[in-house]
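[1] 3D, please:
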Amino acid sequence: MIKENQSSSSVSLEISLGQLRLANPILVASGTFGYAREMASLIDLSKLGGIIPKTITIVPRAGNKTPRTVETTAGLLNAIGLDNDGLDEFISQKMPYLQSIGCPIIVSIAAKTIAECRLFADALNSIPSVSALELNVSCPNVSGGVDFGTDPVLCEKITSELRRHTDLPFSVKLSPNVTRIMDMAKAAENGGADMITAINTCYGLAVDWKKRSARLGNGCGGFSGPAIKPIALRCIHQIYKAVQIPVIGVGGISSTQDVLEFIVAGATAVQIGTANFYHPRITMDILNELPFELKNNGIQSINELIGTLQL
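    Numbering: from 1, shown residues only. Predicted coordinates:
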């Protein structure tokens, strides 16, 4: 691990996601970091560019039947099913700790109906420590979880509804399980999203051939981890070329080099997801290494790299 010293102090990691200004581009993905308290003994949470806690729904959800996770070659298959205690419990029990961290908090929300967007906005608009929202329209593990993320018309409608009821900056998190992710990104942009997050998990299946059954209790689930990085990079570059708003890259990132690949492909910021499970300090390692990597390559600001990929 590289230790901080003066040689990298002149390198800027500051980035802008529309009106949201972050000290650095390293965020943690929803569903892989709990509500941050779980990681507090392992890393300095205040150093992160932003934290996206576990996705919340209006009413509590028990989630899917077990087993909910299966480790596979080069990745993880999960079918958690948005298990959470609901909006009210999140605000009363989770936000007090989150707002004490000293790091931007981006609240991930999943609306079952378009009308629920107003309920989320009404509850979250007045909380000063909420820096932004992430509208999750791409969970493959719940009934109707991807309806808004696979139909451009519905995607634009739900995005427009959230935009009508909040002045908070927000991102729309997209699924890779579509024919043309660029169309979905454009729909979110047209609906008023400030940024795009991509990608959520790829839909997959793990099989126990001896039992002739699926290894997940839910059957299929969302596949994440290093194996999906090439898919995510492709999607990021396509989205970057299709829209005028910033893109947050997610999918298989587990090193400083991965981060820089996503930035070059068009991401302004990235989210670390599955890697948090097997290397809990990965974000700190990347934050230590990133300035040196940029400095050693003659780069003074990470913004110089965004979208510079030549195809």
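
[2] who's in contact with the worst-scoring helix or strand of the chain on mean pLDDT?
    Sorting the helices and strands of the chain by mean pLDDT, DSSP states H and E puts helix 147-150 at the bottom, at a mean of 89. The contact list for helix 147-150, computed with CB atoms under 8 Å, 6 or more residues apart in numbering, reads 111, 137-138, 154-155, 158, 173-175, 177-178, 184, 200. Bear in mind the C-beta positions are built from the backbone N, C-alpha and C, glycine included.

[3] now, which of those lie within strands?
    Using DSSP state E, the subset of the contacts of helix 147-150 located in strands is residue 173.

[4] now, the contacts of helix 147-150 that are in helices?
    154, 155, 158, 184 (DSSP state H).

[5] what is the nearest of the contacts of helix 147-150 to residue 75?
    residue 200 (13.6 Å; CB to CB).

[6] ramachandran angles for that closest one?
    phi -80, psi -170 (degrees, to the nearest 10).

[7] let me know the average pLDDT across stretch 217-236.
    Per-region confidence: stretch 217-236 scores 97 on mean pLDDT.

[8] give me the pLDDT for residue 292.
    97.

[9] against residue 275, how distant is it?
    20 Å (CB to CB, to the nearest Å).

[10] more neighbours: which of the two?
    Taking residue 292 and residue 275 together and counting by other CB atoms under 10 Å, residue 275 has the greater number of neighbours (23 against 17).

[11] leaving out the residues flanking it, which one is nearest to the more buried one?
    Counting by CB to CB, 6 or more residues apart in numbering, residue 254 is the residue found nearest to residue 275 once chain neighbours are left out, at 4.1 Å.

[12] any stretches of the stretch 101-250 of the chain with poor pLDDT?
    141-146 (pLDDT under 70).

[13] would you map the helices across it?
    Assigned by DSSP state H, counting those that start in this stretch, the stretch 101-250 of the chain shows helices spanning 116-124, 147-150, 152-165, 181-190, 229-242.

[14] sorry, back to before: could you dump the contacts of helix 147-150 to a markdown table with distance to residue 66?
    A markdown table is the format used below for the contacts of helix 147-150 (distance: CB to CB, whole Å):
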| residue | distance to residue 66 |
| --- | --- |
| 111 | 26 |
| 137 | 26 |
| 138 | 23 |
| 154 | 31 |
| 155 | 31 |
| 158 | 30 |
| 173 | 25 |
| 174 | 28 |
| 175 | 24 |
| 177 | 24 |
| 178 | 29 |
| 184 | 31 |
| 200 | 22 |
